[in-house]
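In: Just to be clear, the model below is a prediction. Sequence and coordinates:
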Amino acid sequence: MPRYDFTSPRLHVDADLAPGLSVALDKPQGHYLRNVLRLKAGETVLAFNGRDGEWRTELATSGRNAVNLAVAEQTRAQPDAPDLHYLFAPLKRTRLDYVVQKAVEMGASRIAPVLTRHSQAERVNLERMRANAIEAAEQCGILNVAEIVAAVPLAGAVASLGSDRVLIFCDEDAPVSDPLAALAAARRPAAAAAPPLAVLIGPEGGFAEDERAILLARGNVVRLSLGPRILRADTAAVAALALVQATLGDWL
């Protein structure tokens, strides 16, 4: 596992990062650093924006409430984002927060809610999803910020994936009960580039028959069983992403 500096606070910013720049923080960020963490001027904050890598900055204040970060030096270069999309039927608020955070921790670069027949929720708060994705990246030393996209119906989401992307969807009716065996069928030769991936978790009521037909009609698809027990959707998300990363993704 890469060695990260977990002793210094990490903060996501929207501004560009380069030596000598000063980054103005918004009031909530300034309040967090000064009043929650009780940092003083000159103390270190690690900053990232999802584009320019991670940088050591020093806290600076001007006036009564203005807080800035003085950018000093790069601590880590910006890595390539894993080409892993996570698609899921929307969940209710607390469980949705959990799923977004865990998907980011597991390496998802794009998080996309999809509307299915048995979805528990029809509307999602995209700003809240993005805030959860950023918080997970801050806490776990992740430099890529997952893209959050608006919810679309299942058929449209599947059609937009592109034919070269391997779509893995969890299905209790999968004919292969061994998930590792099912994923092995999609593995490429060792010398080949890793395939772009998408993991789809349906609603806890399962896919409707016409939805399953849409998925099975697509080429480059893997039906994945997650064992003999019925898992809640948020548990299934972590289990499926772990299996996919270990067999087809960047855990290899």
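Out: Looks like it arrived, so ask away. Please read these numbers as outputs of a predicted model, since none were measured by experiment.
In: Can you list the helices and strands that the lowest-mean-pLDDT helix or strand in the chain packs against?
Out: Least confident helix or strand, the chain: helix 179-184 with a mean of 87, by mean pLDDT, DSSP states H and E. If contacts are counted by 3 or more C-beta pairs under 8 Å, 6 or more residues apart in numbering; DSSP states H and E, helix 179-184 sits against strand 221-224, helix 233-247. Every residue, glycine included, has its C-beta placed from N, CA and C.
In: List the buried residues of the last one.
Out: By neighbour count, and taking 16 or more other C-beta atoms under 10 Å as the criterion, the buried residues in helix 233-247 are 233-241, 243-245, 247.
In: which stretches of the chain form strands?
Out: Assigned strands in the chain, in chain order: 10-12, 22-24, 44-48, 54-62, 66-76, 84-88, 110-115, 147-148, 152-153, 166-170, 197-201, 221-224 (criterion: DSSP state E).
In: possible to save those as a markdown table with distance to A184 and mean neighbour count?
Out: A markdown table is the format used below for the strands of the chain (distance: least, C-beta to C-beta, whole Å; neighbours: other C-beta atoms under 10 Å):
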| stretch | distance to A184 | mean neighbour count |
| --- | --- | --- |
| strand 10-12 | 37 | 19 |
| strand 22-24 | 46 | 16 |
| strand 44-48 | 35 | 22 |
| strand 54-62 | 35 | 18 |
| strand 66-76 | 33 | 17 |
| strand 84-88 | 18 | 26 |
| strand 110-115 | 25 | 22 |
| strand 147-148 | 29 | 18 |
| strand 152-153 | 31 | 14 |
| strand 166-170 | 12 | 24 |
| strand 197-201 | 14 | 26 |
| strand 221-224 | 10 | 21 |
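In: okay, those in a markdown table with distance to V176 and mean pLDDT next?
Out: Below are those laid out as a markdown table (distance: least, C-beta to C-beta, whole Å; pLDDT from 0 to 100):
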| stretch | distance to V176 | mean pLDDT |
| --- | --- | --- |
| strand 10-12 | 40 | 96 |
| strand 22-24 | 51 | 94 |
| strand 44-48 | 40 | 96 |
| strand 54-62 | 41 | 92 |
| strand 66-76 | 40 | 94 |
| strand 84-88 | 21 | 96 |
| strand 110-115 | 23 | 95 |
| strand 147-148 | 31 | 97 |
| strand 152-153 | 28 | 94 |
| strand 166-170 | 12 | 94 |
| strand 197-201 | 17 | 96 |
| strand 221-224 | 7 | 92 |
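In: Ok, which of those strands comes nearest V104?
Out: Closest of those to V104 is strand 110-115, at 7.6 Å (criterion: C-beta to C-beta).
In: Report the strands that pair with that closest one, each with its relative direction.
Out: Strands that pair with strand 110-115, judged by DSSP bridges, come out as strand 84-88 (parallel), strand 147-148 (parallel), strand 152-153 (parallel).
In: Mind putting the ones you listed into TSV with distance to E172?
Out: Shown next, in TSV, are those (distance: least, C-beta to C-beta, whole Å):
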stretch	distance to E172
strand 84-88	16
strand 147-148	28
strand 152-153	22
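In: Which of the ones you listed sits closest to V114?
Out: Among the strands paired with strand 110-115, the nearest to V114 by C-beta to C-beta is strand 84-88 (5.2 Å).
In: between that closest one and strand 166-170, what angle do the directions make?
Out: With axes from the mean of the first three to the mean of the last three C-alpha atoms, to 10 degrees applied, the angle from strand 84-88 to strand 166-170 works out at 30 degrees.
In: Relative to the whole chain's centre, how far out is strand 84-88?
Out: Centroid separation for strand 84-88 versus its chain: 8 Å, with C-alpha atoms, centre = their mean, to the nearest Å.
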